[in-house]
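# here's a sequence, model it:
(chains A and B)
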Protein chains: 2
Amino acid sequence: MSNGRAPDRSRRSERSRQAILEATRALISEVGYRKVSIEAIATRAGVGKQTIYRWWPSKGAVIFDAFLALSDAGGEGGLALPDTGDLEADLKLVMRATVAEFADPAFEKPIRALNAEIVNDPDLAAQYREQLARPVDDAKRARLRSAQRAGQLAADADLDLVLEVLYAPLFQRWLHRTGPLNAEYADSLVDITLKAFRP
Amino acid sequence: MSNGRAPDRSRRSERSRQAILEATRALISEVGYRKVSIEAIATRAGVGKQTIYRWWPSKGAVIFDAFLALSDAGGEGGLALPDTGDLEADLKLVMRATVAEFADPAFEKPIRALNAEIVNDPDLAAQYREQLARPVDDAKRARLRSAQRAGQLAADADLDLVLEVLYAPLFQRWLHRTGPLNAEYADSLVDITLKAFRP
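Residues are numbered from 1 along each chain as shown, chains lettered A, B, ... in the order given. Take a look at the predicted model:
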């Protein structure tokens, strides 16, 4: 939200903005998506309702920004996966970080609350796909295309399917709590995916 | 519930039992897991509450039987996957049927309602794993072990991971509504899984 005006004011704005996003995530974890209100977010963040409405047009908008901030998908410079030229090493780095996030209660609680709502709400699912999942998936697909050009991944591989094979097992294991989420598991998903889609 | 007594009575019992399980599934779809009551199930099924309590000790027990009946995991003869000796053909048959189930509103609505609850309820997730998922997963693992013995699947393959790679992409695609659920997709999941875990 930096606008080049007085630095003090800009810093204060950024602090308020972060407080609002943190309050939003905390409230979603505690009371669930449906029960979160702009009023409750304002009270929790120590700001006036008008401060929230100055930056966000609706409750849905602030909630999605809260998740975007958490996932880094909303970063100003855009999102990119590491590309050292070694696909296996790069994917293991990313998957280990992803597994660690899902094993971290502070991260996973609001995502779990959001997922519970998404299951029965096709509109929210679409919003999630477009605003949260797509920027991250685009970055992942860019890395996979680089690997295809380098001959490390089958040129005709369906990249949506590659992403599903890489991430869906982790997602299901996390959602249904069916097994450990650790670095070894992250590595095994990368190994299997590379074997399944090698040239 | 057949007990070898008068056939009329047995048939009537089975009709009541099926009506109760159907009413349970319908109510879960309509009002959600938490709001379903034994009273509402009895009214919907046209039976007395005592009829339900004669067969099931609790609301949780009747709800799980309703899902078990739907999934065939509670079949009397146990559950088995086809084993013609051709792993690819057998898995494609099973996955095409699974994809069709998840694309069928009558099947998927109660499962979706149950999943929404499972996300935030570790106890319900454990019950789901043990009572619903495990019998089906055991049957799938038995088929995969047969394929390992026949040299069609790597002898050291982690069968839990094989099942995750086969089913989790479908589960995630269904849950987040991110793509089509059709026979072609079912086949591609089998192809990829066999490539990833071939000897």
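
# past the helix ranked longest in chain A, which element shows up next along the chain?
Identified as the longest helix of chain A according to DSSP state H is helix A:7-31. Downstream of helix A:7-31, the next assigned helix or strand under DSSP states H and E is helix A:38-45.

# contacting residues around that next one?
A:16, A:19-20, A:22-24, A:26-27, A:31, A:48-49, A:51-53, A:59, A:62 (Cβ atoms under 8 Å, 6 or more residues apart in numbering or on different chains). Yep, even glycine has a C-beta here, placed from its N, CA and C like the rest.

# do the same with stretch A:175-190
With Cβ under 8 Å, 6+ apart as the criterion, stretch A:175-190 contacts A:88, A:91-92, A:95-96, A:98-100, A:102-103, A:112, A:115, A:165-167, A:169-170, A:172-174, B:115, B:118-119, B:122, B:125-126, B:128-129, B:133, B:158, B:160-161, B:175.

# what's the helix or strand for the residue nearest to A:Leu81 when sequence neighbours are not counted?
Spatial nearest neighbour of A:Leu81, excluding adjacent residues (Cβ to Cβ, 6 or more residues apart in numbering or on different chains): A:Arg143 at 4.0 Å. Here A:Arg143 sits within helix A:134-149, counting by DSSP H and E.

# let me know the average pLDDT across that helix.
Across helix A:134-149, the average pLDDT comes to 92.

# any idea how far chain B is from A:Ala19?
Distance, A:Ala19 to chain B, using Cβ to the nearest Cβ, to the nearest Å: 26 Å.

# hang on, the earlier thing: can you report how many residues neighbour the residue nearest to A:Leu81?
18 (other Cβ atoms under 10 Å in any protein chain shown).

# so who does it touch?
Residues near A:Arg143 by Cβ under 8 Å, 6+ apart: A:80-83, A:87, A:90-91.

# again, only this time at 7 Å
A:Arg143 makes contacts with A:81, A:83, A:90, as judged by Cβ atoms under 7 Å, 6 or more residues apart in numbering or on different chains.

# going by neighbour count, which of the residues you listed comes out on top?
The most crowded member of those is A:Asp90, carrying 18 neighbours; neighbours defined as other Cβ under 10 Å.

# correct me, but that residue touches A:Asp83?
Yes - A:Asp90 lies in contact with A:Asp83 (Cβ atoms under 7 Å); the separation is 6.3 Å.

# around chain B, pick out the residues from chain A.
Listed as neighbours of chain B in chain A under the rule Cβ under 7 Å from any Cβ of the partner chain: A:112-113, A:115-116, A:118-120, A:122, A:125, A:128-129, A:160-161, A:164-165, A:168-169, A:171-173, A:175-179, A:188, A:192, A:195-196.

# thank you, goodbye.
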